[in-house]
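A.B. asks: Got a sequence here, can you model it:
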Amino acid sequence: MYKNIFKLFVVLITLSFTACKKNLAEINRNPNAVEDPQPDYLLTAAEKIAADMYWGADNNFNSSLLIIQHWAKIQYTEPDRYIFSNSSFTSLWNTGYAQVITNLNTIIQFPDEKANANYKAVATILRSWIFQLLTDAYGAIPYKESGKIKQTLTPVYDSQKDVYFGLLDELKSAAAILNPAAGGVSGDVLYGGSLASWKKFAGALRLRIALRIADREPEKAKQVISEVTADPSLLISSNAETAQQRYDKPPLQNPVAAWFSTRDDYRVGKTIIDKLYALNDPRLDVFADKPSDRSVTNYVGVPSGLTNSDANNLGFAKTSKPDSVFFRSDINPAVILSYAEVLFAKAEAVARGLLSGNAADLYKQAITASLQQYQIIDENIINNYLNQPAVAYNAANYKKSIGEQKWIALYGQGLEAFAEWRRLDYPQLTAGASGVLDGKIPVRFIYPGTEQSLNGDNYKAAVAAQGTDNLLTKLWFDVN
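C.D. replies: Down below sits the predicted model:
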């Protein structure tokens, strides 16, 4: 009798858990969501939300742009001093998973009659970029089980190596699927439905990830690099093909422009302004504005990591804001992956012995592409810049040459610049003057505090494998 009662108890508990899991899945449904979502609307939303997430305040100019010293704070300087908590980095995680990846997963899971194969391939490519941002920032992340709320409410974290390897496979497969005969893609605000452009974006992402793993897995990196460089149709090959979100049509608004329309707490960092001055770099004029106080005739950057009082004492009118045309205007797009980045990657691949070619020539082409990206097209200006000894490619220290120029070229792309600075170890930055990490600079985002309560066991397993969940724990790709 007692045995039968025990069996009944187990069955009831199992049924209760199943019902609870189902109810939680239902509770987590957005009551304002469209009952019959269409792939074009979901794609538009995912692209716009993703670009704003990448280019906006929380993940860019209030964190990563400060860490890599492109920008600095003139007031409310706590983030510039590395005073972060486990609620400081929730935006990338929550927006990436709950909004962007959720929308893209919905497209991928649609039946074929509702979303053709090209929709699903494009969604997979865009989703791969979001996963790449997440693992670059946090390290181990939910990847294989993410978004599968009907199967699990507590997804396992995958190691950074497994995420990168998985993304390389997904991107290759998605690019191979793209075929005009399978139907068009509407709602694509990044590339206007150009499948050829999406294929190149996928290849460029594979090239980027190949270099992320190059210090750990050089043979795998070489294989991927060989594949994407063997066929011109697989890589971005001009500034016109750069992956970017344009904000030139209402109601779209550049997040930087939106912020500066009501706030005034950021300035260009002294570190990058000093570097641009030292190199006689013509991009200084497009990265920064001169101070509004006309008695100040030079560009004036704000040092990183000042206290509020020290920063305020520099003067709002006596320091340089980001450029009003290229960065504080809706004319400026959110650049996701540029032609210059592709060329720098190819130059590095040659320098590492992973690709045949001339690293110095590719390095010059990369700088030229970056200058032209900002409408600096005068050949004399470009050649004079390239011919300076301080700019010349140094084969004996390719990481310094490429690292410093790539850091400049990635101005405004905080998350990507942050990843590349950690990987290449250049430029050699000095921690903010009043930073709270004993002279050290953060090398990762910390997990949102909600993960400890909502997915505690898997969070603990990830931290045990990866290292303490703090700002100074190096990630798998960050070898040196």
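
A.B. asks: count of neighbours near the nearest residue to A196 once chain neighbours are set aside?
C.D. replies: In space, and not counting its chain neighbours, A196 is closest to S233: 6.8 Å by CB to CB, 6 or more residues apart in numbering. Bear in mind the C-beta positions are built from the backbone N, C-alpha and C, glycine included. Neighbour count for S233, taken as other CB atoms under 10 Å: 10.

A.B. asks: pLDDT value on S233, please?
C.D. replies: pLDDT, S233: 94.

A.B. asks: which SS class is it?
C.D. replies: helix (DSSP: H, G, I helix; E, B strand; the rest coil).

A.B. asks: now swap in Y54 and tell me
C.D. replies: helix.

A.B. asks: okay, it: pLDDT?
C.D. replies: pLDDT, Y54: 97.

A.B. asks: Surely it and L415 touch.
C.D. replies: Yes - counting by CB atoms under 8 Å, Y54 touches L415, with 6.4 Å between them.

A.B. asks: and for these two, which residues touch both?
C.D. replies: N60, L133 (CB atoms under 8 Å, 6 or more residues apart in numbering).

A.B. asks: where do the helices sit along the stretch 1-150 of the chain?
C.D. replies: 2-27, 39-55, 64-67, 90-94, 102-109, 117-138 (DSSP state H, counting those that start in this stretch).

A.B. asks: Now do the residue nearest to A196 against T135, distance only.
C.D. replies: 27 Å (CB to CB, to the nearest Å).

A.B. asks: for L306, same thing?
C.D. replies: From L306 to T135 the distance is 32 Å (CB to CB).

A.B. asks: Those two: who's more crowded?
C.D. replies: Ranked by neighbour count (other CB under 10 Å), L306 and T135 place T135 first, with 27 against 24.

A.B. asks: For V256, see how far away the more buried one is.
C.D. replies: 25 Å.

A.B. asks: Check L205 too.
C.D. replies: 24 Å.

A.B. asks: ok, now I236?
C.D. replies: 23 Å.

A.B. asks: N394 now?
C.D. replies: N394 is 33 Å from V256, by CB to CB.

A.B. asks: So which of the two has more stuff around it?
C.D. replies: V256 (24 against 13).

A.B. asks: all strands of the protein, in order?
C.D. replies: If DSSP state E is used as the criterion, the strands of the chain fall at 71-73, 141-142, 157-158, 243-245, 266-268, 334-337.

A.B. asks: of those strands, which approaches P37 most closely?
C.D. replies: Counting by CB to CB, P37 lies closest to strand 243-245 out of the strands of the chain; the figure is 21.0 Å.

A.B. asks: That closest one packs against which elements?
C.D. replies: Applying 3 or more CB pairs under 8 Å, 6 or more residues apart in numbering; DSSP states H and E, we find strand 243-245 packed against helix 39-55, helix 195-212, strand 334-337.

A.B. asks: Need the contact partners of that strand.
C.D. replies: 47-48, 51-52, 55, 189-191, 197, 201, 204, 236, 333-338.

A.B. asks: Any quick PyMOL command for the buried ones out of the residues you listed?
C.D. replies: One line in PyMOL is enough to select the buried ones among the contacts of strand 243-245; burial here means 16 or more other CB atoms under 10 Å:
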select buried, resi 47+48+51+52+55+189+190+191+197+201+204+236+333+334+335+336+337+338
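
A.B. asks: now the stretch 351-480 of the chain, which segments are flagged as low pLDDT?
C.D. replies: Confidence mapping of the stretch 351-480 of the chain against pLDDT under 70 gives zero matching residues.

A.B. asks: mind listing the helices for it?
C.D. replies: Assigned by DSSP H, counting those that start in this stretch, the helices in the stretch 351-480 of the chain fall at 359-373, 379-386, 398-409, 414-424, 450-454, 456-466.

A.B. asks: got the ones you listed as a markdown table, with distance to P39 columns?
C.D. replies: Formatted as a markdown table, the helices of the stretch 351-480 of the chain follow (distance: least, CB to CB, whole Å):
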| stretch | distance to P39 |
| --- | --- |
| helix 359-373 | 31 |
| helix 379-386 | 43 |
| helix 398-409 | 34 |
| helix 414-424 | 27 |
| helix 450-454 | 30 |
| helix 456-466 | 31 |
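
A.B. asks: quick one: which of the ones you listed is nearest D293?
C.D. replies: Of those, nearest to D293 by CB to CB is helix 398-409, at 26.4 Å.

A.B. asks: what angle do that closest one and helix 359-373 make?
C.D. replies: Helix 398-409 runs at 10 degrees relative to helix 359-373, counting by axes from the mean of the first three to the mean of the last three CA atoms, to 10 degrees.

A.B. asks: now for helix 398-409, which elements pack on it?
C.D. replies: By 3+ CB pairs under 8 Å, 6+ apart, helix 398-409 packs against helix 270-278, helix 339-351, helix 359-373, helix 414-424.

A.B. asks: To Y459, which of those helices lies closest?
C.D. replies: Closest among these, once you apply CB to CB, is helix 414-424, at 21.9 Å.

A.B. asks: Next, the distance between the ends of stretch 129-146.
C.D. replies: 15 Å (CA to CA, to the nearest Å).

A.B. asks: From the chain's centroid, how far away is that stretch?
C.D. replies: Its chain's average C-alpha position is 11 Å from that of stretch 129-146, according to CA atoms, centre = their mean, to the nearest Å.

A.B. asks: ok, now stretch 260-272?
C.D. replies: 20 Å.

A.B. asks: if we look at that stretch, which residues are touching it?
C.D. replies: 61, 66, 69-76, 259, 287-288, 299-304, 316, 319-322, 328, 407-408, 411, 427, 429.

A.B. asks: A461 contacts S159, doesn't it?
C.D. replies: No - look at A461 against S159 with CB under 8 Å: they stay out of range, at 10.6 Å.

A.B. asks: The two: which has the busier surroundings?
C.D. replies: S159 (17 against 14).
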